[in-house]
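Trainee: Need coordinates for the following:
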Amino acid sequence: MSMTITNDDVSNAWATAYESTENEQSYPSETLVRLIKGNYITGERLDIKNKTVLDVGFGDGNNSVFLATLGMQVSGVEVHQTICDRVLNRLNRNGLSADLRVGSNKKLPFADNSFDFLVSWNVLHYEGTEEGITTGIQEYARVLKPGGRFFLSTTGPENLILLNGKTLGNHQYEIRRPGDFRQGHVHFFFDAPNYIEFYFSPHFESLQIGRVEDMMFTEKLDWWLVTGLKNDVSLFTS
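Mentor: The predicted model follows:
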């Protein structure tokens, strides 16, 4: 029998989880650093100086701090005000700033066509349903400027988070990994690249799909990497 998890349960759980790691030394995603500072996507360095970027589900703020140090104008969304306050304090202590607001994949509290870039790093899959996924992707497109680029990391088929997971339906798993605070949360993941194209292509073009797999001796990390450009704005409505 599946557990009933409310939105408040989820936001409070994440707030507590990030509080427990507040004083730990932490770093941005190495993969995101390489994508933004390298030439893997377009064959040349991306033009990011003074550009606007939305960090969706910024968590402990590691990626937000990195983006701000590059001279980008950073905004972000998290599910709990406590998380926003904690990361804003961290940024301020380092002489950096950002516009951090409470929101979610499905409800981004920013105007249409606001950002040059959007980062969604291991957060979209927590929507848990096909409706949530499609709404989240539409929201990503809504807040991006025409031609704006998104960077996304999301669960791959062999990721450790799916250990002991209960299959609920197409792409849906209830998390049952021993000792994980996300017990009972429903996770949506893309089984293959064609599904990524299916869900993202109504709103984005020039899609590129990669994958990062790390065997960490006892457990495997497996992530899809996706980037693309917002297509014709007529394909979504506010």
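Trainee: Which parts of this protein are helices?
Mentor: 7-19, 30-37, 62-69, 81-93, 130-143, 193-200 (DSSP state H).
Trainee: Would you mind reformatting the ones you listed (as a markdown table) and adding columns for mean pLDDT while you're at it?
Mentor: Converted to a markdown table, the helices of the chain look like this (pLDDT from 0 to 100):
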| stretch | mean pLDDT |
| --- | --- |
| helix 7-19 | 72 |
| helix 30-37 | 96 |
| helix 62-69 | 97 |
| helix 81-93 | 96 |
| helix 130-143 | 98 |
| helix 193-200 | 97 |
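Trainee: okay if I get these as CSV plus mean neighbour count and distance to Leu162?
Mentor: The C-beta positions use only the backbone N, C-alpha and C, and glycine is treated the same way. Shown next, in CSV, are these (neighbours: other Cβ atoms under 10 Å; distance: least, Cβ to Cβ, whole Å):
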stretch, mean neighbour count, distance to Leu162
helix 7-19, 15, 18
helix 30-37, 16, 19
helix 62-69, 22, 23
helix 81-93, 17, 25
helix 130-143, 20, 16
helix 193-200, 16, 15
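Trainee: Of all those helices, which one is nearest Val102?
Mentor: Closest of the helices of the chain to Val102 is helix 81-93, at 5.4 Å (criterion: Cβ to Cβ).
Trainee: what's the spacing between that closest one and its chain's center?
Mentor: 18 Å (Cα atoms, centre = their mean, to the nearest Å).
Trainee: same check, this time on stretch 158-171
Mentor: The answer for stretch 158-171 is 19 Å, by Cα atoms, centre = their mean.
Trainee: Run through who's touching it.
Mentor: 2, 130, 155, 173-178, 180, 182, 186-191, 195, 213, 219-223 (Cβ atoms under 8 Å, 6 or more residues apart in numbering).
Trainee: do that again at 6 Å, thanks
Mentor: Residues outside stretch 158-171 that contact it (Cβ atoms under 6 Å, 6 or more residues apart in numbering): Tyr173, Glu174, Ile175, Arg176, Arg177, Phe188, Phe189, Glu219, Lys220, Asp222.
Trainee: Then stretch 96-111?
Mentor: 64, 68, 74-77, 79, 81, 84, 88, 91, 124, 127, 132, 135-136, 139, 143.
Trainee: picking up where we left off before, are any of the contacts of stretch 158-171 buried, and which?
Mentor: Tyr173, Glu174, Ile175, Arg176, Phe188, Phe189, Asp222 (16 or more other Cβ atoms under 10 Å).
Trainee: And the furthest pair within those residues?
Mentor: Glu174 and Asp222 (18.5 Å).
Trainee: nearest to Asn231, of the helices of the chain?
Mentor: Going by Cβ to Cβ, the one of the helices of the chain nearest Asn231 is helix 130-143, 7.9 Å.
Trainee: Make TSV out of the helices of the chain and add distance to Asn159.
Mentor: What follows is those, written out as TSV (distance: least, Cβ to Cβ, whole Å):
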stretch	distance to Asn159
helix 7-19	18
helix 30-37	14
helix 62-69	19
helix 81-93	23
helix 130-143	16
helix 193-200	15
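Trainee: is the residue nearest the centre of the chain in a bridge, and if so with what?
Mentor: Centroid-nearest residue in the chain, with Cα atoms, centre = their mean: Ser120, separated by 2.4 Å. Judged by DSSP bridges, the bridge partners of Ser120 are Val56, Leu152.
Trainee: So it sits against Leu152, correct?
Mentor: Yes - counting by Cβ atoms under 6 Å, Ser120 touches Leu152, with 4.6 Å between them.
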